[in-house]
Structure formats: structure tokens, C-alpha cells
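[1] Test case, fold it:
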Amino acid sequence: MTARRRSLPGWFVLTLLAAIGANALASVTTTATIELMRSPSPFAQEVRAYDLLLLPCFQVVAFVVPTIVIARYLWPIVAWFRAGAVPPPGVLVQRRVISAPLVMAGGAFAGWIVGPIFFPLATLLRFGRWTPDLASQQILSPLVNGFLAVTTTYLLVDLIFRRLVVPRAFPDGRLAEVPGALALGVRDRLLVFLVAVAFVPLFTALGLVRAAAARLHAGLPAASVIESLTRASEVTFAVYVAVGLVLTLLLARTFTGPLSEVTAVLRRIRAGALDRGVRVSASDEVGVVEDGVNALLAALREKERILGTFGRIVEPAVRDRLLAGEVQAGGDVRSASVLFCDLRGFTALAERSTPDELVATLNELFTVLTAWVRTCGGFVDKFLGDGLLVVFGLFDDGTDSGAAHAVRCARGMHDRVAELNGMRTAAGRPPLAVSIGIHSGPVVAGTIGAADRHEYTVVGDTVNVAARLQELCRDHHHGLLVSGATHDLATRAGSCGDVVARYAIRLRGRDAAVDALALSCS
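    As a prediction, the model looks like this:
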């Protein structure tokens, strides 16, 4: 660990190598283009020889010094990496991570732009005069190749930082929020690229034509000049095609890579996968898009969390209709089948169980029953201590299938309690039993409660009758009592159990007796 922290980060070495390599290559091409463009006059030859004597000293000042300055500029980032690169870094490191590609390109360009000033001044001091035929070798060629070197440096360093540095310094993105950072936007980068691959070759061609004209003016044979111009044009054409291809690939990677990742994440979002975001790589418009996708992803995750929490409080079937605006704010009358399920012997169970055991038993029972309710097409309106209020057919738009589903669900509840009892008995725990009452008819469905807290539920005579039928199960020693209305609807739908007993029951608050049928529970 200590050795790794003391060594230089790989990105730093790659960055320096990229900058040095781009400028070294440009120095070679500058020498070559000067030889192709320089004037054949004796004065130009003499000036060129003097320039070559000054070149080593100039290179030390113009390139070594900026390299040292750039290294010092990057050193806070290096120090942060050597300390373990624990995010988030300080604002200084963040600012320099964003600004590094442009600052390095600017430092390199400073060296190249000094040349067209330094060498003409040195010529004036040494020879006392300067002629326009020196422009190609002292001004045009260094500027052209220097601009290519700077552009290549910027794109290479930008790519290295996007891949190796930015993800470590900005794991959560939001590069655009860092104050005082220097970075080129998409339009500016395209403009620099356009100048590098379009106008620079034109300036080079201009320099070659001027050199050919100067040689013809000096009296050199036309055939020799044309041959030299043709050879120089072929060489420069090959060089600039290669350079243009490299620059195009470098620039394209800064667009295609992030956009491909954004596209992949958006496809995953559309498919419902919210597990992976986008790695933000820059502070330009592409980075803003990446941040936007991550913000969208975070919002969707929060929505999923809220919906999940909401779905544990409100039945998902009701939740989805509430969110979709399909449920009216007030109440409306609907036809439904209401099922009440109650745990028998709850008082005795509570007396011989610890609070944790009691809660665990209720949760175990409700988990099994709720899953079965949803399978049967109903929804749990509410938990009533040791019981359930379940509604069927509320959103079936007038169909009579709710009663059949309710009866099927009730019989299945007894089956699942029997299965649960098998596991409880094997574990040495007492068995459970439930009583169920079902009635079908009109209910008032709506959001009921106080102004600051309410719930969507059903109320009315149908609900009261179902609750009373469930209570009478204990008195008549049955596991399932349904009203005559429910039995008729379920029979019409082709699904009902065997009738084991029939009663005419008088309920509190009702003059007429209610036809109640005890059905087999299996």
C-alpha cells in the first residue's frame, strides 16, 4: 500500500507521455515542413543555419519550462491520488481535474506561439533585417504544426482524464457545478477540431505554394520546382490524412462513448432496470446530459421506493388507481363482495404468547392469506387487529364474478391455514383457525378520514352484514357463512361450495332476516 501511494499514478505518466509525444512529433514535422517551405535565397539559408543554432536553447525554455509548470499544476491531483483518492476531493482538486486538458493545451501552445516571435526578433538582432520570404519557415510552419500538437494534446489528455481521473474525483457526477473550472464545450471543441483538420492543411498548402513561387522567382528550373512541390504535397497529404484520422477518432470517442452508455442506461430504464447509472465524464453538454440521466434514474428509484412503501400501506390495486386518477376524491356507490376473515381464539392465543410471538403469528398468517387474496383477484382493504377486510369485484365494472372469487378465496383461505398448521404443529406451536363471512351488494367506496390523513375504504350495509356473518360463524360452529345474495351470484358464475346448513338470521338494525348459508370449507 505504501509503495503504491508513493509511486506516480498511471494517468499522470500517460498524460505527460501524451503531451511530450504530441509536441515531439510536431517538432519533427515542423523541421520537415520548414525544409519543404523555406526560401532558396542565400539570406534565408543563412537565417536557417542561425535558427538551428538557437533551437536547442529555445526548446529548453519553450517546452521544458511549460512542462514543469504543467506538472506543478497537476501535482495537487497527483497528491490526492497518492493519498488514496478518497472522494470527495477538495474544490481545488476538482477544479484542476476539470481544467487540466485545457490548461495543458494552453501551456503547450504558449511554447509554440513564442517561436514565431522569438526567431524573427533574433534574426533582426543578428542580421539587422527581416524579409517576408522567411515567414514560411519562421512563422507559418511553427504555428501550423504547433496548433496540431496542441489539439492532439488536448484531445489525448481529455480522453485520459475522462477515463481515469474524472470517475475517481466525481463518482456522483455534477462536474458542471464546480466553480471556476475551465473547459471547452461541445461547440468549441468542434471548432478547434475543424480548424485542425480543415484550415491547418490549407495553410500548409499555402506555405508550399509560396515556397514554390519563391523558388521560381529565384530562377530555379520549373521542372525541379514542380517535382519538389508534388513530392511535398504528397507527403503533407499523407501526414494530414493520418493526423486527421487520429484527431477524428479521439474526438469521436468523447462523444460516442458517453452517448452509447447513456443510450444503454435509457434502454435499461425503459425495461424497468434501475440498478445502474451513467458514469459522468465531463462538465460540457455531454456531461450535463449524463447528470440528467442520473438525476432521472434517482427520481425513478425514489418513485419506486415511495410506491413500494405506499403499496405496503395501501393495497397496490387501489394505489395504482389512486395515482392514475381513476378513483374519485369523494365516494361513489359500487357493487362488491365483502369478505371478513377473523382469527378464532385470539384472546386465548394472546394470553399464552409473548408480544413478539403474537406479532410473528399474525404476520405469518396475514402473509399467507394476503398472497392468496391477490391470487383470487381481491384486495385487502384493511387489517383489523386479528382479522382482514377483503373486497372483491369493486373495480370489475358491474360484473358478478366478484362473489365467485370471494367464495373461492374463502375456501382457499381454510386450505392455506391447514397447510400453515402443519408447519406450526411440527414446530410445537398451536394450530390456528379462522372464521369467514361474505356478503355482496352495494357499497360506498371512497377516501375517508381527516383532512390530513385518510384512507380509501368501503362502508355501508353490505360491509356491516359481512362483518356480522363472520361473527355468527362462532355461534353456529361454522368456518364460512355467506349471504343468500352472495350464494346466488357465485352459483350463477359457476363457482360455489356445498351448502351444509341454511339459516334465516336477524341482524341488529335490520327488520328483515338475512338468508345465510354455511358452505363447506374444502
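[2] low-confidence ranges in the stretch 151-300 of the chain?
    218 (pLDDT under 70).
[3] What lies in contact with stretch 121-132?
    Counting contacts by C-beta atoms under 8 Å, 6 or more residues apart in numbering, the residues outside stretch 121-132 that touch it are Ser41, Phe43, Ala44, Glu46, Val47, Tyr50, Asp51, Leu54, Pro120, Leu134, Gln138. To be clear about C-beta, it is placed using only N, CA and C from the backbone, and glycine gets the same treatment.
[4] rerun that using 10 Å as the cut-off
    39, 41, 43-44, 46-47, 50-51, 53-54, 58, 119-120, 134, 138-139, 210, 214 (C-beta atoms under 10 Å, 6 or more residues apart in numbering).
[5] The residue lying closest to His478 once chain neighbours are set aside in helix, strand or coil?
    Among residues not flanking His478 along the chain, Ala518 sits closest, at 4.1 Å (C-beta to C-beta, 6 or more residues apart in numbering). For Ala518, the secondary structure call by DSSP: H, G, I helix; E, B strand; the rest coil comes out as strand.
[6] Spatially central residue in this protein, please.
    Gly277 (2.8 Å; C-alpha atoms, centre = their mean).
[7] wait, doesn't it sit right on Arg301?
    Yes. Here Gly277 reaches Arg301: they are 9.4 Å apart, a contact under C-beta atoms under 10 Å.
[8] Pull out the buried positions in stretch 61-71.
    Ala62, Phe63, Pro66, Thr67, Ile70 (16 or more other C-beta atoms under 10 Å).
[9] next one: stretch 240-249
    In stretch 240-249, counting by 16+ other C-beta under 10 Å, buried: Tyr240, Val243, Gly244, Leu247.
[10] Ok, stretch 72-84 next?
    So stretch 72-84, judged by 16+ other C-beta under 10 Å, has buried residues Leu74, Pro76, Ile77, Val78, Trp80, Phe81, Arg82.
[11] what residues go with each domain of this structure?
    2-270, 327-519 (automatic domain parsing).
[12] For Asp291, find the nearest of the ones you listed.
    Taking C-beta to C-beta, domain 2-270 is the member of these nearest to Asp291, at 4.8 Å.
[13] Where does the prediction get shaky in the chain?
    The chain contains residues with pLDDT under 70 at 1-6, 218, 306-331, 397-400, 449-454, 495, 497, 509, 522.
[14] Show me which helix runs longest in it.
    helix 222-270 (DSSP state H).
[15] helices or strands next to that one in the packing?
    helix 10-37, helix 141-160, helix 186-194, helix 200-217, helix 285-313 (3 or more C-beta pairs under 10 Å, 6 or more residues apart in numbering; DSSP states H and E).
[16] Okay, angle between that helix and helix 186-194 too, please.
    Interaxial angle of helix 222-270 relative to helix 186-194 (axes from the mean of the first three to the mean of the last three C-alpha atoms, to 10 degrees): 150 degrees.
[17] From Leu134, how far off is the residue lying farthest from the centre of the chain?
    When each C-alpha in the chain is compared with the mean C-alpha position (C-alpha atoms, centre = their mean), Gly219 comes out farthest, at 68.2 Å. Distance, Gly219 to Leu134, by C-beta to C-beta, to the nearest Å: 19 Å.
[18] and if you look at Pro142?
    12 Å.
[19] Overlap of the contact sets of those two?
    Common neighbours of Pro142 and Leu134 (C-beta under 10 Å, 6+ apart) are Phe119.
[20] residue contacts, the closest residue to Gly484 other than its chain neighbours?
    Leaving aside its sequence neighbours, Gly484 sits nearest to Asp515 (C-beta to C-beta, 6+ apart; 3.2 Å). By C-beta under 10 Å, 6+ apart, the contact list for Asp515 reads Val482, Ser483, Gly484, Ala485, Thr486, His487, Asp488, Arg502, Tyr503, Ala504, Ile505.
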